[in-house]
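>>> need a 3D model of the sequence below.
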Amino acid sequence: LSYKDNRTNRAILSLQEDNSNFTVDVDILFAHLFALCNNNTDNHSPREVMDYFIRIQLWNGTTLVLDRNPIVIKTMGLDTKVMADFLSTVGRCCRLTTMWGVLCNEQDLLEGV
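Numbers count the residues shown, from 1 in each chain. Take a look at the predicted model:
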């Protein structure tokens, strides 16, 4: 996931074809990725996928979730004290449209600017 070319739906879904040899952990990881690519929130919501990637410390996965669903930040309840660091990380690791989506969803941060 560290290469941008590997973050496309096509690249991720191509891995679904050969999933017979996956271990349980890898199968769970790909289930979360496939749900994210298919916008399938029946099994895993973007928040669940984000929590899973944070738990296993797959940071490129968290940025993938942010790129696909910037509104997930609202559900995380981040303290305003960490928002500067968070926005810096989003600016470095995510697309510009993701940063715009995060800022649009966190307009209270821009209050008084």
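>>> tell me which element the spatially most central residue of the chain falls in.
The centroid of the chain falls nearest to Val65 when counting by C-alpha atoms, centre = their mean (1.3 Å). Mapping Val65 onto the secondary structure by DSSP states H and E places it in helix 59-68.
>>> mean confidence for the helix or strand hosting Asp51?
With elements taken from DSSP H and E, the one containing Asp51 is helix 46-55. Per-residue pLDDT over helix 46-55 has a mean of 88.
>>> contacting residues around it?
Here helix 46-55 makes contact (C-beta atoms under 8 Å, 6 or more residues apart in numbering) with 28, 32, 35-36, 44, 59, 61-62, 64-66, 68-69, 71-72, 75-76. Just so you know, the C-beta spots here come from the backbone N, C-alpha and C atoms, and that holds for glycine as well.
>>> what about it, distance to the chain center?
8 Å (C-alpha atoms, centre = their mean, to the nearest Å).
>>> with just CA atoms, put it into CSV.
Output of helix 46-55 as CSV, limited to C-alpha atoms (Å, rounded to 0.1, in the frame of the first residue of the first chain):
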residue,chain,number,x,y,z
PRO,A,46,-15.0,2.8,7.2
ARG,A,47,-14.7,3.4,11.0
GLU,A,48,-14.2,-0.4,11.6
VAL,A,49,-11.7,-0.6,8.8
MET,A,50,-9.8,2.4,10.2
ASP,A,51,-9.8,0.9,13.8
TYR,A,52,-8.6,-2.4,12.4
PHE,A,53,-5.7,-0.7,10.5
ILE,A,54,-4.8,1.3,13.6
ARG,A,55,-4.8,-1.8,15.8
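>>> and that helix, which residues are buried?
For helix 46-55, the buried set under the neighbour-count rule, 16 or more other C-beta atoms under 10 Å, comprises Pro46, Arg47, Val49, Met50, Asp51, Tyr52, Phe53.
>>> check stretch 26-40 too.
Of the residues in stretch 26-40, Leu29, Phe30, Ala31, His32, Leu33, Phe34, Ala35, Leu36, Cys37 count as buried by neighbour count, 16+ other C-beta under 10 Å.
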